[in-house]
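Peer 1: Next input, structure requested:
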Amino acid sequence: MVTRALGLALIGLAGCGSFQDPNVVVDLRILAMRSEPPDQVVDVDLTRPVMPSQLLSQLVPTQICALVADPTLDRRLLWSMTLCPTTSTERCADSDPQVVLGAGLVDDPDTTVPEPSLCATAMPDVNLLAVLLDVLQGDTLHGLGGVDYMVVLRIGGENADRDLDQYAAKILRVSPRIPAAHAANQNPGLDRIDAVLEDAAPVALPLGRCAENPAPYSLAPGTKLRLQPIESTGAREVYVVPTLDGRSETFTESLTYQWIAGAGGYSHGSTGGPRDLSGNPAPLFSDYKSPAAADLDGPIDVPLWIVQRDERLGVHWYESCLRVAP
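Peer 2: Here you go, the predicted model:
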């Protein structure tokens, strides 16, 4: 019998004075949020006031989705997404304009097949306009660097204490096309994730949740498996930003990777990022180590989540599964 990884992860926390590994999920957690598109660019005439109708006509609906794990309990989750100006607390301020984009119940995110969608859509309407204008009022650059707003997710168990709800925010941006070469960002992507076992040739890690994968990649207990992202062509976009002296600068995106599992552990919870002072690219891989044989009562399926991010609000995530058998 193959079991879920929850019990094993809890065993790891049972020792006196132990702390939860932030890269191992043992209870309800919002792992990531993404939007499509990640930002939007509008054409403006700096010599004339921007008319609201002209601004809204250039915007498209934005879909915001969340990746959530809840391995502790088999239950439905009560959620809502609210659009509002950004705050330091990642929660909407009562005094700010805000609009609920969606709310309801979602089936168990770990066991439901097919995987339930947790998404809402921000429409380019007067509600969004009210939020953008509120942000612009306090912007000393008058929107030159873009106008950021956010969508806040609140989620918790269907019948749980609402004080235990989890919160996360996804930042979205509307920017003027200044300079003329400034273009909207695209979410990054991967061709695959290579799995390398010791000196063996790399193989593509099968993607898909444990609930939908009857024959996941098998790994012995206490074994190291190197996971190497293979990025899609063009994943690292070249982009242009305005400077305060009226000029512009050109950059190439750096990408980061967040590594999360249901049991075991990683050599690095986050990899990638900018080049070092010598110009060397940051390593992208992380080494996953499966649980020790002494901690296993039998085979377990371990969920993996890999979250890819760029520095311009772009996000993409991938799910996989490992079967660890003594």
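
Peer 1: Just the buried positions in stretch 124-132, please.
Peer 2: For stretch 124-132, a neighbour-count test (16 or more other C-beta atoms under 10 Å) marks 124, 127-132 as buried. Bear in mind the C-beta positions are built from the backbone N, C-alpha and C, glycine included.

Peer 1: Low-confidence regions, this protein specifically.
Peer 2: Across the chain, the ranges flagged by pLDDT under 70 are 1-19.

Peer 1: contacting residues around residue 326?
Peer 2: Taking C-beta atoms under 8 Å, 6 or more residues apart in numbering, we find residue 326 in contact with 220-221, 293, 296, 298-299.

Peer 1: what's the spacing between it and residue 227?
Peer 2: Distance from residue 326 to residue 227, counting by C-beta to C-beta, to the nearest Å: 22 Å.

Peer 1: Let's see if you can find the most crowded of the contacts of residue 326.
Peer 2: Taking other C-beta atoms under 10 Å as the neighbour criterion, residue 296 ranks highest of these with 20 neighbours.

Peer 1: correct me, but that one touches residue 221?
Peer 2: Yes. Residue 296 lies in contact with residue 221 (C-beta atoms under 8 Å); the separation is 5.9 Å.

Peer 1: shared neighbours of those two, anything?
Peer 2: When contacts are counted by C-beta under 8 Å, 6+ apart, residue 296 and residue 221 have 324, 326 as shared neighbours.

Peer 1: Leaving out chain neighbours, which residue sits closest to residue 272?
Peer 2: residue 256 (4.1 Å; C-beta to C-beta, 6 or more residues apart in numbering).

Peer 1: wait, doesn't residue 120 sit right on residue 102?
Peer 2: Yes. Under the criterion of C-beta under 8 Å, residue 120 makes contact with residue 102 at 3.3 Å.

Peer 1: Give me the more crowded residue out of these two.
Peer 2: Using other C-beta under 10 Å as the criterion, residue 120 and residue 102 rank with residue 120 on top: 21 against 16.

Peer 1: What are the buried residues along stretch 183-191?
Peer 2: 184-188, 190.

Peer 1: Oh, that last question was meant for stretch 83-91, not what I typed.
Peer 2: Residues of stretch 83-91 classed as buried under the neighbour-count rule (16+ other C-beta under 10 Å) are 83-86.

Peer 1: dump the residue contacts of the residue lying closest to residue 68 once chain neighbours are set aside.
Peer 2: With C-beta to C-beta, 6+ apart as the criterion, residue 68 has its nearest non-adjacent residue at 5.0 Å, and that residue is residue 109. Listed by C-beta under 8 Å, 6+ apart, the contact set of residue 109 reads 68-70, 77, 115-116, 118.

Peer 1: can I get those residues in a markdown table with secondary structure, distance to residue 95 and neighbour count?
Peer 2: Output for those, formatted as a markdown table (DSSP: H, G, I helix; E, B strand; the rest coil; distance: C-beta to C-beta, whole Å; neighbours: other C-beta atoms under 10 Å):
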| residue | secondary structure | distance to residue 95 | neighbour count |
| --- | --- | --- | --- |
| 68 | strand | 29 | 23 |
| 69 | strand | 33 | 19 |
| 70 | coil | 32 | 23 |
| 77 | strand | 29 | 23 |
| 115 | coil | 37 | 16 |
| 116 | coil | 34 | 15 |
| 118 | coil | 28 | 22 |
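
Peer 1: any idea how far residue 208 is from the residue nearest to residue 68?
Peer 2: As judged by C-beta to C-beta, residue 109 and residue 208 stand 14 Å apart.

Peer 1: now swap in residue 103 and tell me
Peer 2: For residue 103, the distance to residue 208 equals 29 Å [C-beta to C-beta].

Peer 1: swap in residue 179?
Peer 2: Using C-beta to C-beta, residue 179 is found at 42 Å from residue 208.

Peer 1: Likewise for residue 128?
Peer 2: 35 Å.

Peer 1: likewise residue 98?
Peer 2: Distance, residue 98 to residue 208, by C-beta to C-beta: 36 Å.

Peer 1: Then residue 62?
Peer 2: Here residue 62 is placed at a distance of 27 Å from residue 208 (C-beta to C-beta).

Peer 1: Can you verify my assumption that residue 20 contacts residue 26?
Peer 2: Yes. Residue 20 is in contact with residue 26 according to C-beta under 8 Å; the separation is 6.5 Å.

Peer 1: which residues do residue 120 and residue 102 both contact?
Peer 2: Residues touching both residue 120 and residue 102 by C-beta under 8 Å, 6+ apart: residue 81.

Peer 1: if we can go back for a sec, shouldn't the residue nearest to residue 272 be in contact with residue 274?
Peer 2: No. Contact criterion C-beta under 8 Å: residue 256 and residue 274 do not qualify, at 9.3 Å.

Peer 1: Partner strands of the helix or strand containing residue 171 and their direction?
Peer 2: Applying DSSP states H and E as the criterion places residue 171 in strand 166-176. Here strand 166-176 has these sheet partners by DSSP bridges: strand 39-42 (parallel), strand 147-157 (antiparallel).
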